[in-house]
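Novice: structure, please.
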Amino acid sequence: PLCSVGFPRQSKRQFKIWDPRKLDKAICVTDIDQAAGVLMPFYDEDTNLLFLGGKGDGNIRYYEIVNDAPWQFSIEDYRANSPCRGLAMLPKRGMDVMKCEVARMLKLTSNSVEPLSFICPRKSDLFQDDLFPDCYAGKPAMSADEFFEGKNKKPILMSMDPAKAGSNKPAAAASSFKVAKSPKQLQDEVDKLNVYVEKLISTLEKNNIKVPEP
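Specialist: Numbers count the residues shown, from 1 in each chain. The predicted model follows:
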């Protein structure tokens, strides 16, 4: 199913679930509250959890999305006093799986960025493979040329099991950063070039070769 968030004519905040095969009418409409803050949706396809945070809100709601009626179940609310100005969800491969951390978000406030952990309580200390299926490995499945040629490939996945760590590591970001040279280093290079140019001019003049003005 597809999900959208927004406001009806009554200015209520709500989210809708749609059947992509029939978009003329939503299959589920859920009213949230009556507030002006824009909703920011985040969906975790591994756990089928939909997180909804609103600008100016102190709480984050999350729902489980299912493939049959009633299509969604309210799970819980995260509540805080500090209003939210923005949210971002971290990649799944950054979760602490041994603490059953199923999601981690960064909440922007007026003067800080707060990390928020969402943990599913489990008594076992073992790796929970039902909570952590293989996730996106951060590696491109194909090149840009292949994409523009119309090709399609499944994403490269990696195991979340710490026992299998290293079997499919995320791709390291290519770094093109170079340390800038200091003003003294730049001046030294200019001085060396000036000396070299003077030697060239002197050699040319000795051979009666006229050097044009720059």
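
Novice: ok, longest helix in the chain?
Specialist: helix 183-206 (DSSP state H).

Novice: confirm residue 50 sits in a strand?
Specialist: Yes. Counting by DSSP: H, G, I helix; E, B strand; the rest coil, one finds residue 50 located in a strand.

Novice: show the model's pLDDT score for it.
Specialist: On pLDDT, residue 50 comes in at 94.

Novice: got the contact list for it?
Specialist: Listed by Cβ atoms under 8 Å, 6 or more residues apart in numbering, the contact partners of residue 50 are 3, 15, 41, 42, 43, 44, 62, 63, 64, 65, 72. The C-beta positions use only the backbone N, C-alpha and C, and glycine is treated the same way.

Novice: gap between the nearest residue to residue 49 once chain neighbours are set aside and residue 3?
Specialist: The shortest distance from residue 49 to any non-neighbouring residue, by Cβ to Cβ, 6 or more residues apart in numbering, is to residue 62 (5.3 Å). Distance, residue 62 to residue 3, by Cβ to Cβ, to the nearest Å: 13 Å.

Novice: for residue 9, same thing?
Specialist: As judged by Cβ to Cβ, residue 9 and residue 3 stand 20 Å apart.

Novice: contacts for the longest helix of the chain, please.
Specialist: Contacts for helix 183-206 (Cβ under 8 Å, 6+ apart): 181, 210, 211.

Novice: and the second one, that one's in a strand?
Specialist: Read it as residue 210. No. Residue 210: not assigned to a strand; according to three-state DSSP it is coil.

Novice: where exactly do the helices run in the chain?
Specialist: 144-148, 183-206.

Novice: export the last one to CSV, keeping only CA atoms.
Specialist: Pointing back at helix 183-206 there. Extracted C-alpha coordinates of helix 183-206, given in CSV (Å, rounded to 0.1, in the frame of the first residue of the first chain):
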residue,chain,number,x,y,z
PRO,A,183,49.7,31.0,2.5
LYS,A,184,53.4,30.5,3.2
GLN,A,185,53.4,27.2,1.2
LEU,A,186,51.6,29.0,-1.7
GLN,A,187,54.1,31.9,-1.6
ASP,A,188,57.0,29.5,-1.6
GLU,A,189,55.7,27.9,-4.8
VAL,A,190,55.2,31.3,-6.4
ASP,A,191,58.8,32.3,-5.6
LYS,A,192,60.2,29.0,-7.1
LEU,A,193,58.2,29.6,-10.3
ASN,A,194,59.5,33.2,-10.6
VAL,A,195,63.1,32.0,-10.3
TYR,A,196,62.5,29.3,-12.9
VAL,A,197,60.9,31.8,-15.3
GLU,A,198,63.8,34.2,-14.8
LYS,A,199,66.3,31.4,-15.7
LEU,A,200,64.3,30.6,-18.8
ILE,A,201,64.2,34.2,-20.0
SER,A,202,67.9,34.5,-19.4
THR,A,203,68.6,31.4,-21.5
LEU,A,204,66.5,32.7,-24.3
GLU,A,205,68.1,36.1,-24.3
LYS,A,206,71.6,34.5,-24.4
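
Novice: quick one: low-confidence ranges for this structure?
Specialist: Low-confidence segments of the chain, defined by pLDDT under 70: 166-178, 214.

Novice: same thing but 50
Specialist: For the chain, the stretches with pLDDT under 50 are 171-175.

Novice: wait, residue 142 touches residue 153, no?
Specialist: Yes. Using Cβ atoms under 8 Å, residue 142 is in contact with residue 153, at 4.9 Å.
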